[in-house]
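1. Here is my input, please return the structure:
(one chain, ligands or ions: 1)
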Amino acid sequence: MLLIFRECATFALASQQDNLLHPRATLLMTKATDQIAGSETSIKRGLDFIYRVASTADGFDSYGSLLVCCFALVGATSRDASLRQLARSRAQKLAQRWGRAYRVVPPDASPDLVLDFVLVSYALSRLGLRDAALNAQIRTAAKRFSAQDLLGFNPVSEPPPDDLSYPCACGLKNQRGSTFCRQCRKRLEIQSRYRVWMEALANTYVGERCGIQFGARYSDVLKWLPAMRPYPVGADEDEEVVRDAIFAVTHIVYTLNDYNNYRLAPRWLPQEFVYLKANVEAACVQHDPELLGELLDSLKAFGLRTSHPLIRRGTRYLLDEQNEDGSWGDPDESNIRTRCHTTWTAIDGLRTCAWRGERLSRPDLKPILKRSSG
Ligand SMILES: [Zn+2]
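-> A predicted model of the protein is given here:
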């Protein structure tokens with residue numbers, strides 16, 4: 001709370017100074033302070049919604065590992081001390097529940113279950129808790145699978161592909177290149193290469209932070225940055241592909257800033273910075289709080305302040321569009337993961353992080369960024 005007061009005090013000071021030159025500045029600063037106060041309440045309502053979902057059997061079974069991550073990251077990186085405390089205690093409760101349901105990694109664990117273990121282990125590490133014995137089990141389990149099994153492709157030798165389908169509605173994961181399901185013959189939906197890349201970035205990064213190689217090294221996934229540029233824009237592009245590309249870029253930010261630990265200098269990722277800024281207005285107009293939340297969160301990581309017009313625009317949108325139940329997005333959406341993830345990203349778009357300076361999570365990978373920004 002002290003930190004929030006400090007921010008208000010800064011605004012008050014700034015408004016006094018600006019007031020000498022620009023009478024309108026006082027009004028703008030007052031609005032910015034009001035927005036911060038409104039954000040605190042909204043964020044807690046959003047977290048309450050997610051926690052209610054996490055407390056149901058369905059919600060926990062389908063999304064438990066990521067919900068532990070959600071609370072752990074909010075608890076580890078928020079500037080507001082009361083928010084940190086609330087989120088940490090919920091993360092610990094959920095992690096304990098997860099640990100009771102999954103005490104050891106089963107010998108026949110699927111790639112999805114191994115990923116769940118990795119995510120929970122990562123969440124615990126963000127709370128300062130490590131379980132070396134469990135991490136060793138996860139490491140062994142991950143080694144049973146190839147990069148192809150875990151990531152859908154092998155980033156050592158090829159860029160993210162565009163011939164990977166989503167799992168079929170019948171549950172089967174079909175082979176690469178399939179257009180119809182082998183089991184039920186339905187037409188398959190193909191993932192964009194940006195979607196494949198985004199997941200590989202996140203999963204290899206999070207794994208490595210726990211000492212687990214999840215199919216490949218993070219550096220081997222990140223090195224395809226030049227091949228993924230320029231990012232798609234314009235009316236001619238498939239909307240879903242543009243959306244996936246934006247999510248891929250926010251995950252470059254998240255992995256390189258250690259999921260909200262560090263600020264990033266825009267000069268390290270100039271094309272990504274411009275691309276994110278260019279998409280804020282569209283996310284508001286298209287009523288896409290899930291995308292908007294990550295856009296605001298990432299742009300704040302690049303140093304945009306709460307008083308920046310794009311942050312103000314997006315914050316206003318999120319504060320106005322929160323549902324009665326505290327969630328964001330379509331309240332009639334049946335996919336509980338989508339409802340939770342949308343609410344999670346909106347919270348991230350609204351909250352203020354306690355940045356630990358400007359640096360890369362992996363300073364050794366800076367040459368990859370330099371090589372590709374020419
Ligand atoms: Zn099928």
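2. The residue nearest to residue 97 when sequence neighbours are not counted sits in which helix or strand?
-> Of all residues not flanking residue 97 in the chain, residue 60 sits nearest, at 6.9 Å (Cβ to Cβ, 6 or more residues apart in numbering). For glycine as for every other residue, the C-beta is placed from the backbone atoms N, C-alpha and C. Assigned by DSSP states H and E, residue 60 belongs to helix 57-77.
3. and that helix, which residues are buried?
-> 59-60, 62-77 (16 or more other Cβ atoms under 10 Å).
4. same thing with stretch 316-334?
-> Neighbour counts over stretch 316-334 (16+ other Cβ under 10 Å) mark 317-319, 322-323, 326-329 as buried.
5. At which residues are the helices of the stretch 101-250 of the chain located?
-> 111-126, 132-143, 147-151, 193-209, 218-222, 225-228, 239-256 (DSSP state H, counting those that start in this stretch).
6. nearest to residue 167, of these?
-> Distance to residue 167, taken as Cβ to Cβ, is lowest for helix 111-126 among these, at 9.3 Å.
7. Need the residues that contact that closest one.
-> Defining contact as Cβ atoms under 8 Å, 6 or more residues apart in numbering, one finds that helix 111-126 is touched by 64-66, 68-69, 71-73, 75-76, 91, 95, 98-99, 102, 105-106, 109, 130-131, 134-135, 137-138, 141-142, 145, 149-150, 203, 206-207, 209-210, 212, 214, 259.
8. ok so, going back, helices or strands up against the helix holding residue 60?
-> In terms of contacts (3 or more Cβ pairs under 8 Å, 6 or more residues apart in numbering; DSSP states H and E), helix 57-77 is packed against helix 23-54, helix 81-101, helix 111-126, helix 336-350.
9. closest one to residue 218 among these?
-> For those, the distance to residue 218 is smallest for helix 111-126, at 12.7 Å, taking Cβ to Cβ.
10. Kindly provide the distance from residue 263 to residue 115.
-> Residue 263 is 28 Å from residue 115, where distance means Cβ to Cβ, to the nearest Å.
11. Residue 280 versus the residue of the stretch 1-150 of the chain found nearest the ion, what's the distance?
-> Residue nearest to the ion within the stretch 1-150 of the chain (Cβ to the ion): residue 112, separated by 16.6 Å. Counting by Cβ to Cβ, the gap from residue 112 to residue 280 is 33 Å.
12. Check the gap between the residue of the stretch 251-374 of the chain found nearest the ion and residue 81 for me.
-> Nearest residue of the stretch 251-374 of the chain to the ion (Cβ to the ion) works out as residue 335 at 17.7 Å. As judged by Cβ to Cβ, residue 335 and residue 81 stand 34 Å apart.
13. And residue 126, by the same measure?
-> Distance of residue 126 to residue 81, computed by Cβ to Cβ: 17 Å.
14. and if you look at residue 314?
-> Counting by Cβ to Cβ, the gap from residue 314 to residue 81 is 25 Å.
15. which one of these two has more residues nearby?
-> Neighbours around residue 314 and residue 81, counted as other Cβ atoms under 10 Å, are more numerous at residue 314. The numbers are 27 against 13.
16. name the element that one belongs to?
-> Here residue 314 sits within helix 309-320, counting by DSSP H and E.
17. picking that back up, which among the contacts of helix 111-126 count as buried?
-> Neighbour counting by 16+ other Cβ under 10 Å classes 64-66, 68-69, 71-73, 75-76, 91, 95, 98, 102, 105, 109, 134-135, 137-138, 141-142, 145, 150, 203, 206-207, 209-210, 212, 214, 259 among the contacts of helix 111-126 as buried.
18. hang on, isn't residue 179 packed against residue 189?
-> No. Using Cβ atoms under 8 Å, residue 179 makes no contact with residue 189, being 9.9 Å away.
19. got any residues that touch both of these two?
-> Joint contacts of residue 179 and residue 189 (Cβ under 8 Å, 6+ apart) are residue 165.
20. ok, back up a step: between the helices of the stretch 101-250 of the chain, which one is nearest to residue 160?
-> Proximity to residue 160 (Cβ to Cβ) singles out helix 193-209 among the helices of the stretch 101-250 of the chain, at 3.8 Å.
21. So what touches that closest one?
-> 115, 118-119, 122, 125, 142, 150-153, 155, 159-162, 164, 213-218, 220-222, 224, 228, 241, 244-245, 247-248, 251-252, 254-255, 258, 361.
22. what about burial for those, which qualify?
-> 115, 118-119, 122, 125, 142, 150-153, 155, 159-161, 164, 214-218, 220-222, 224, 228, 241, 244-245, 247-248, 251-252, 254-255, 258, 361.
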